[in-house]
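Peer 1: below are the sequence and a predicted model for it; my questions follow.
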Amino acid sequence: MREITASGQTVDEAVQSALEQLNTTKDHVEIDIIDEGKKGLLGVFGSKRAVVKVTIKKNQVEQAEVFLKEVINNMNITVDVTTTVEGNDVTYNLTGDKIAMLIGKRGQTLNALQYLVQLAINKGEGQFYNVTIDAEGYRERRRDTLYSLAEKMADKAMRLDKKVALEPMPAYERKIIHSALQGNDNISTYSDGVEPHRHIVIKP
(Lines give C-alpha, C1' and ligand atoms only; values in the text may rest on other atoms or scores of the structure.)
Protein backbone atom coordinates (compact mmCIF):
# COMPACT_ATOMS: atom_id res chain seq x y z
CA MET A 1 0.00 0.00 0.00
CA ARG A 2 1.62 3.26 -1.15
CA GLU A 3 -1.34 5.67 -0.83
CA ILE A 4 -4.37 6.03 1.40
CA THR A 5 -7.28 8.42 1.96
CA ALA A 6 -8.24 8.87 5.62
CA SER A 7 -10.60 11.02 7.66
CA GLY A 8 -10.68 12.39 11.20
CA GLN A 9 -12.20 15.09 13.41
CA THR A 10 -9.23 17.31 12.44
CA VAL A 11 -6.57 17.28 9.70
CA ASP A 12 -3.97 16.11 12.23
CA GLU A 13 -6.20 13.26 13.32
CA ALA A 14 -6.80 12.21 9.70
CA VAL A 15 -3.06 12.32 8.95
CA GLN A 16 -2.28 10.29 12.08
CA SER A 17 -4.87 7.68 11.04
CA ALA A 18 -3.30 7.40 7.58
CA LEU A 19 0.24 7.11 9.00
CA GLU A 20 -0.85 4.27 11.29
CA GLN A 21 -2.49 2.40 8.41
CA LEU A 22 0.57 2.86 6.19
CA ASN A 23 2.87 1.99 9.12
CA THR A 24 5.17 4.93 8.42
CA THR A 25 6.12 8.38 9.74
CA LYS A 26 5.37 11.92 8.58
CA ASP A 27 8.86 12.52 7.07
CA HIS A 28 8.33 9.62 4.61
CA VAL A 29 5.06 10.83 3.12
CA GLU A 30 3.43 13.56 1.07
CA ILE A 31 0.16 14.93 2.48
CA ASP A 32 -2.65 16.30 0.31
CA ILE A 33 -5.53 17.89 2.24
CA ILE A 34 -8.79 17.12 0.41
CA ASP A 35 -11.13 18.69 2.98
CA GLU A 36 -10.15 20.59 6.13
CA GLY A 37 -13.55 19.76 7.65
CA LYS A 38 -15.47 21.99 10.06
CA LYS A 39 -16.41 21.77 13.71
CA GLY A 40 -20.08 22.71 13.40
CA LEU A 41 -22.34 24.00 16.14
CA LEU A 42 -21.16 22.93 19.61
CA GLY A 43 -18.65 20.72 17.81
CA VAL A 44 -21.48 18.32 16.82
CA PHE A 45 -24.29 19.76 14.65
CA GLY A 46 -23.27 20.31 11.02
CA SER A 47 -19.72 19.13 11.68
CA LYS A 48 -17.73 17.78 8.77
CA ARG A 49 -14.77 15.40 9.03
CA ALA A 50 -11.38 16.34 7.65
CA VAL A 51 -10.19 14.21 4.71
CA VAL A 52 -6.55 13.77 3.60
CA LYS A 53 -4.71 11.76 0.99
CA VAL A 54 -1.34 10.49 2.21
CA THR A 55 1.21 9.05 -0.23
CA ILE A 56 4.47 7.34 0.67
CA LYS A 57 7.39 9.16 -0.97
CA LYS A 58 9.35 7.19 -3.52
CA ASN A 59 12.54 5.79 -2.08
CA GLN A 60 15.20 6.84 -4.59
CA VAL A 61 17.84 4.47 -3.19
CA GLU A 62 15.58 1.40 -3.37
CA GLN A 63 14.31 2.30 -6.85
CA ALA A 64 17.88 2.72 -8.13
CA GLU A 65 18.79 -0.69 -6.66
CA VAL A 66 15.86 -2.30 -8.53
CA PHE A 67 17.02 -0.54 -11.74
CA LEU A 68 20.60 -1.78 -11.22
CA LYS A 69 19.42 -5.38 -10.71
CA GLU A 70 17.28 -5.21 -13.86
CA VAL A 71 20.20 -3.97 -15.98
CA ILE A 72 22.51 -6.71 -14.64
CA ASN A 73 19.77 -9.32 -15.06
CA ASN A 74 19.47 -8.32 -18.73
CA MET A 75 23.19 -9.11 -19.05
CA ASN A 76 22.33 -12.68 -17.91
CA ILE A 77 24.37 -12.26 -14.74
CA THR A 78 23.09 -13.04 -11.26
CA VAL A 79 24.37 -10.89 -8.39
CA ASP A 80 23.63 -10.04 -4.80
CA VAL A 81 23.48 -6.30 -4.07
CA THR A 82 24.32 -4.83 -0.67
CA THR A 83 23.35 -1.17 -0.28
CA THR A 84 25.01 1.25 2.13
CA VAL A 85 23.83 4.84 2.64
CA GLU A 86 25.90 7.48 4.44
CA GLY A 87 24.33 10.93 4.17
CA ASN A 88 23.97 11.51 0.42
CA ASP A 89 26.60 8.88 -0.53
CA VAL A 90 25.18 5.54 -1.69
CA THR A 91 27.31 2.47 -2.32
CA TYR A 92 25.96 -0.62 -4.10
CA ASN A 93 28.31 -3.55 -3.56
CA LEU A 94 27.95 -6.45 -6.00
CA THR A 95 28.89 -10.07 -5.32
CA GLY A 96 28.40 -13.10 -7.55
CA ASP A 97 29.96 -15.67 -9.87
CA LYS A 98 30.57 -13.63 -13.03
CA ILE A 99 31.81 -10.51 -11.24
CA ALA A 100 34.78 -10.04 -13.59
CA MET A 101 32.34 -9.46 -16.48
CA LEU A 102 30.67 -6.68 -14.48
CA ILE A 103 33.99 -5.01 -13.69
CA GLY A 104 35.27 -5.09 -17.28
CA LYS A 105 38.66 -3.87 -18.51
CA ARG A 106 40.04 -1.37 -15.96
CA GLY A 107 36.58 -1.12 -14.44
CA GLN A 108 34.93 0.26 -17.60
CA THR A 109 31.73 -1.81 -17.28
CA LEU A 110 31.46 -1.00 -13.58
CA ASN A 111 31.96 2.70 -14.35
CA ALA A 112 29.24 2.57 -17.03
CA LEU A 113 26.82 0.93 -14.57
CA GLN A 114 27.71 3.55 -11.97
CA TYR A 115 27.00 6.35 -14.46
CA LEU A 116 23.59 4.87 -15.37
CA VAL A 117 22.56 4.40 -11.73
CA GLN A 118 23.75 7.93 -10.86
CA LEU A 119 21.36 9.23 -13.56
CA ALA A 120 18.53 6.94 -12.44
CA ILE A 121 18.70 7.81 -8.74
CA ASN A 122 18.77 11.57 -9.36
CA LYS A 123 16.04 11.87 -11.99
CA GLY A 124 13.12 14.02 -10.90
CA GLU A 125 12.81 15.78 -7.58
CA GLY A 126 14.24 14.62 -4.29
CA GLN A 127 17.58 14.41 -2.55
CA PHE A 128 20.75 14.37 -4.66
CA TYR A 129 22.89 11.25 -4.20
CA ASN A 130 26.47 10.39 -5.14
CA VAL A 131 26.61 6.78 -6.31
CA THR A 132 29.48 4.30 -6.06
CA ILE A 133 29.14 0.80 -7.46
CA ASP A 134 31.74 -1.61 -6.15
CA ALA A 135 32.31 -5.28 -6.91
CA GLU A 136 34.02 -7.45 -4.30
CA GLY A 137 36.51 -4.77 -3.24
CA TYR A 138 37.50 -3.72 -6.77
CA ARG A 139 37.39 0.04 -6.01
CA GLU A 140 39.93 -0.26 -3.19
CA ARG A 141 42.27 -2.39 -5.31
CA ARG A 142 41.95 0.11 -8.16
CA ARG A 143 42.67 3.00 -5.76
CA ASP A 144 45.88 1.26 -4.63
CA THR A 145 46.84 0.72 -8.29
CA LEU A 146 46.23 4.40 -9.09
CA TYR A 147 48.32 5.55 -6.11
CA SER A 148 51.22 3.36 -7.31
CA LEU A 149 50.78 4.62 -10.88
CA ALA A 150 50.75 8.25 -9.68
CA GLU A 151 54.02 7.86 -7.79
CA LYS A 152 55.68 5.97 -10.64
CA MET A 153 54.68 8.58 -13.24
CA ALA A 154 55.69 11.47 -10.96
CA ASP A 155 59.16 9.90 -10.63
CA LYS A 156 59.30 9.51 -14.41
CA ALA A 157 58.34 13.17 -14.97
CA MET A 158 61.06 14.35 -12.58
CA ARG A 159 63.66 11.94 -13.99
CA LEU A 160 63.02 12.99 -17.61
CA ASP A 161 62.30 16.61 -16.57
CA LYS A 162 59.29 16.78 -18.87
CA LYS A 163 55.51 16.40 -18.85
CA VAL A 164 54.03 12.90 -18.66
CA ALA A 165 50.44 12.19 -19.81
CA LEU A 166 48.42 9.37 -18.27
CA GLU A 167 45.72 7.29 -19.95
CA PRO A 168 42.15 8.71 -20.07
CA MET A 169 40.23 8.12 -16.84
CA PRO A 170 36.80 8.98 -15.39
CA ALA A 171 36.66 12.10 -13.20
CA TYR A 172 36.69 10.36 -9.83
CA GLU A 173 39.83 8.34 -10.81
CA ARG A 174 41.58 11.53 -11.93
CA LYS A 175 40.68 12.97 -8.52
CA ILE A 176 42.49 10.03 -6.85
CA ILE A 177 45.66 10.78 -8.87
CA HIS A 178 45.47 14.51 -8.03
CA SER A 179 45.08 13.81 -4.30
CA ALA A 180 47.85 11.19 -4.34
CA LEU A 181 50.33 13.78 -5.67
CA GLN A 182 49.12 16.98 -4.03
CA GLY A 183 51.74 16.70 -1.28
CA ASN A 184 54.61 16.46 -3.80
CA ASP A 185 56.13 19.95 -4.22
CA ASN A 186 58.34 18.83 -7.12
CA ILE A 187 55.47 18.33 -9.56
CA SER A 188 52.06 19.73 -10.50
CA THR A 189 49.09 17.93 -12.02
CA TYR A 190 46.25 19.07 -14.26
CA SER A 191 43.55 17.50 -16.42
CA ASP A 192 43.62 17.92 -20.19
CA GLY A 193 41.45 16.84 -23.14
CA VAL A 194 37.73 16.37 -23.60
CA GLU A 195 35.56 13.59 -22.11
CA PRO A 196 35.75 10.62 -22.54
CA HIS A 197 39.42 11.17 -23.41
CA ARG A 198 40.19 13.56 -20.56
CA HIS A 199 43.43 12.61 -18.85
CA ILE A 200 45.92 13.81 -16.26
CA VAL A 201 49.23 15.46 -17.11
CA ILE A 202 52.04 15.39 -14.54
CA LYS A 203 54.49 18.27 -14.93
CA PRO A 204 57.81 18.84 -13.08
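Peer 2: Received, thanks.
Peer 1: what about the strands in this protein?
Peer 2: All strands of the chain, identified by DSSP state E, fall at 3-8, 29-35, 50-56, 79-86, 89-96, 130-135, 164-165, 188-192, 199-203.
Peer 1: and the contacts of the longest helix that the chain contains?
Peer 2: Identified as the longest helix of the chain according to DSSP state H is helix 138-160. Under the criterion C-beta atoms under 8 Å, 6 or more residues apart in numbering, residues 103, 106-107, 110, 132, 163-164, 166, 173, 176-177, 180-181, 184, 186-187, 202-204 lie in contact with helix 138-160. Where C-beta positions appear, they are placed from N, C-alpha and C, glycine not excepted.
Peer 1: go with 6 Å
Peer 2: Residues outside helix 138-160 that contact it (C-beta atoms under 6 Å, 6 or more residues apart in numbering): 103, 107, 164, 176-177, 180-181, 184, 186-187, 202, 204.
Peer 1: what's the spacing between it and its chain's center?
Peer 2: Relative to its parent chain, helix 138-160 has a centroid offset of 27 Å by C-alpha atoms, centre = their mean, to the nearest Å.
Peer 1: what residue is smack in the middle of the chain?
Peer 2: residue 131 (3.1 Å; C-alpha atoms, centre = their mean).
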